[in-house]
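K.L.:
Okay, structure incoming, though there's no sequence with it:
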């Protein structure tokens, strides 16, 4: 699992590097587009992980309450 994290970081770093190169080569729109997609992807991943943590908490509380009612 750690290996995949390193690979993802390498991919993101390479994409950022390409975006910066595109921006310096007077192709600002393409570089800006790549950076926007990266930021959106990272933000979406953060929101998804927070949503899953919240879901796990709600499920835990629901099952805890349900098991207390059964007793």
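P.N.:
Now that the structure is in, tell me what you want to look at. It should be emphasised that the depicted structure is a prediction, and the values quoted were computed from it without experimental measurement.
K.L.:
distance between the longest helix along the chain and the chain's centre?
P.N.:
Secondary structure of the chain per DSSP state H: the longest helix is helix 28-70. Mean-position distance between helix 28-70 and its chain equals 8 Å (CA atoms, centre = their mean, to the nearest Å).
K.L.:
tell me the mean pLDDT over that helix?
P.N.:
When pLDDT is averaged along helix 28-70, the result is 84.
K.L.:
elements contacting it?
P.N.:
Applying 3 or more CB pairs under 8 Å, 6 or more residues apart in numbering; DSSP states H and E, one finds that helix 28-70 contacts helix 2-24. In this view, the C-beta of every residue, glycine as well, is placed from N, C-alpha and C.
K.L.:
How about the contacts made by the residue positioned nearest the centre of the chain?
P.N.:
For the chain, the residue nearest the mean C-alpha position is residue 45 (2.1 Å; CA atoms, centre = their mean). By CB atoms under 8 Å, 6 or more residues apart in numbering, no residues touch residue 45.
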